[in-house]
Each structure stands twice: as C-alpha cells, then as structure tokens.
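Provided below for reference: sequence and predicted model.
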Amino acid sequence: MRLATWNVNSLRARIDRVEAFLQRHDVDVLALQETKAREDQLPLMGLQSLGYEVAAAGYSQWNGVAILSRVGLDDVEVGFPDMPTWGDPAAAEARAIGATCGGVRVWSLYVPNGRKVDDPHYAYKLDWLARLRDAATSWTDTPTALVGDWNIAPQDDDVFDIGAFAGSTHITPAERAAFAAFVEAGYADVVRPHTPGPEVYTYWDYYRQRFERNRGMRIDFVLGSPPLAARVTGAFVDRDERAGTGASDHAPVVVDLDLD
DNA sequence: ATGGTAGTGGGACTA
C-alpha cells in the first residue's frame, strides 16, 4: 500500500495537481492538510471517478484536513480524544481526522502553527501536541500512521539556516520535546531512514525564491507505530511537485508499506 | 523591524 501526506494549500485551487499526483505515483491513501474547503464544497467528483473515497473535516479560508482512499475508508473520526478546542471549535476540528484505510489507522494532522513564542497560539500548540500524544499512546499496538504538517523542525539540519530561526517557533526546545515525546511513546519517523543527508526539505516559503535556492524546512512527517513502522519498505519526498507555477508551498511525502 | 507570496472571498487574516 502506498500512503502519502501533503499540505496542499487549498484543495480546490490544486485539484488538477492532486489528481496528477495520485496517478503519477499510484497512491492508495492520501492525507491532505490546509484543504481550505468546507465540507459542502467537497467531495470533488473527479476524485471519486478515480476511485477514491473522501473523508473531510472542513473549514473555509484556513485549515481543513482530508483523507482520500481507494482501499476502503472506515471509522472516520473528526478530532482526537480530548483534543483542545481553543478558539473556534470548527477550526479545531479541521486540524485532525482519522480513518482506517486498508487495515491501517491513518491520522491526517495539521499541528497548530504557534505563530510566535509569546503568542497564545504557541501554548495552544504545545497543549494540542501533548493531548494528541496522550491519545496516541493507546494506539501503539495497532498499525497507526500519524501524518501531516507538524510545524516542527526536530533537528537543526531540518531548516536552511538555524541561525535565522533564533527566537522563532518550529525549532524551540519545547516544540522539539513535544515531537520527541511521540518517539518516546513508540512512534518512529519512517521517512528519514530512506531520505538520508541534510537539506531534505518538505516546505519552502513562496517568497524570496526559497525553493529555487533550496532554503526550506522539513516539517512534514509520517510517524508510525511499531506494527506500522515494521512494514515500511521505502519513502521519498516528491520534491518535483514543489516546482513550477501553481505548486503548493509543501511537497508531498510518500511511504510504501508491505501489508502482506 | 519589515516585507516578501499565495489563498479565500471580495476585507482581513493566515501561513
């Protein structure tokens, strides 16, 4: 089974790219973030004609997560147990959706950005991650994939210039500890072993020609429970998807699983 | 400290 995650930065603006991506890589399950579409603006018929079922937690303008699957899509759950709903509950629910696809529990996650370290959104981000970790701790015995935009760069090599991020979110010790807590709970970054070396990014800002100069960040991850991680046979970042006009600012991350 | 670009929706906000 081929599983992918992609912060698409508007599903409707990029539906042609999404369909091309699914076909180019023969993807079975795609977790999307920043769909920027309400549920009544979905599903998109083109995806269904390609054989994909759609589960979405929508919110107009910002956020929105979805899961597309052509290997079954069962037990859809919007939000995780005890998820904090600071601010607009609808916006909170548009950050996490879970579904069982082909025997794998997939969670499409859009971790709160955090804005600035002195912003209330930063405390919300840490609280959100801690509660997700608490919920995820009880899922480690089953094949579970926590995928999406984590808005955390766990290592200094995961940003183009660590010096430029001094005092910024995404690289603080507290955020990195929140990420590490998932690893301590048993989840593994299943992509990094297949993408060795520095400067393997998943996100490049639109401005200042950051992609052309490869000044990016690695903030999109697939974390697998032990039963899932044991079945990973390969992974890659579809860097080419970020090139050209009309691209999302994030590249898709693809993982292959041997479920036999 | 600011602004650069993109998306939504048709202004201001988010990233």
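Looks like it came in fine. Numbering: from 1, shown residues only, chains lettered A, B, ... in the order given.

can you pull the phi/psi pair for residue A:176?
Per-residue torsions, residue A:176: phi -70, psi -30 (degrees, to the nearest 10).

just the one 5 residues further on next, same as before
Backbone torsions of residue A:181, given as degrees, to the nearest 10, read phi -60, psi -30.

that one contacts residue A:132, doesn't it?
No - under the criterion of Cβ atoms under 8 Å, residue A:181 is not in contact with residue A:132, lying 9.6 Å apart. For every residue, glycine as well, the C-beta is placed using N, CA and C.

so between those two, which is more surrounded?
Set side by side, residue A:181 and residue A:132 show more neighbours around residue A:132, with 24 against 17, by other Cβ atoms under 10 Å.

could you work out the end-to-end span of stretch A:247-256 for me?
End-to-end distance for stretch A:247-256, by Cα to Cα, to the nearest Å: 24 Å.

what average pLDDT does it get?
Averaged across stretch A:247-256, pLDDT comes to 98.

contacts only, for the closest residue to DNA strand B within the stretch 1-150 of chain A.
Relative to DNA strand B, the nearest point of the stretch 1-150 of chain A is residue A:10 (3.1 Å; Cβ to the nearest atom of the strand). If a contact means Cβ atoms under 8 Å, 6 or more residues apart in numbering, then residue A:10 has A:34, A:35, A:36, A:37, A:248 as its contacts.

how does it look with 7 Å?
A:34, A:36 (Cβ atoms under 7 Å, 6 or more residues apart in numbering).

do residue A:79 as well
Per Cβ under 7 Å, 6+ apart, neighbours of residue A:79: A:92, A:93, A:96.

over to residue A:257: give its phi and psi.
phi -120, psi 140.

re the thing from before, the residue of the stretch 1-150 of chain A closest to DNA strand B: what secondary structure?
Residue A:10 falls in the coil class when you classify it by DSSP: H, G, I helix; E, B strand; the rest coil.

max-length helix in chain A?
Counting residues, the longest helix found in chain A (DSSP state H) is helix A:120-136.

next SSE after the helix or strand of chain A with the lowest mean pLDDT?
When each helix and strand of chain A is scored by mean pLDDT, DSSP states H and E, helix A:45-49 comes last, with a mean of 85. Using DSSP states H and E, the helix or strand that follows helix A:45-49 towards the C-terminus is strand A:53-57.

what's the burial count for the closest residue to DNA strand B within the stretch 151-260 of chain A?
As assessed by Cβ to the nearest atom of the strand, DNA strand B sits closest to residue A:207 within the stretch 151-260 of chain A, at 3.2 Å. Residues near residue A:207, counting by other Cβ under 10 Å, number 7.

can you pull the phi/psi pair for it?
Dihedral pair for residue A:207: phi -100, psi 170, per degrees, to the nearest 10.
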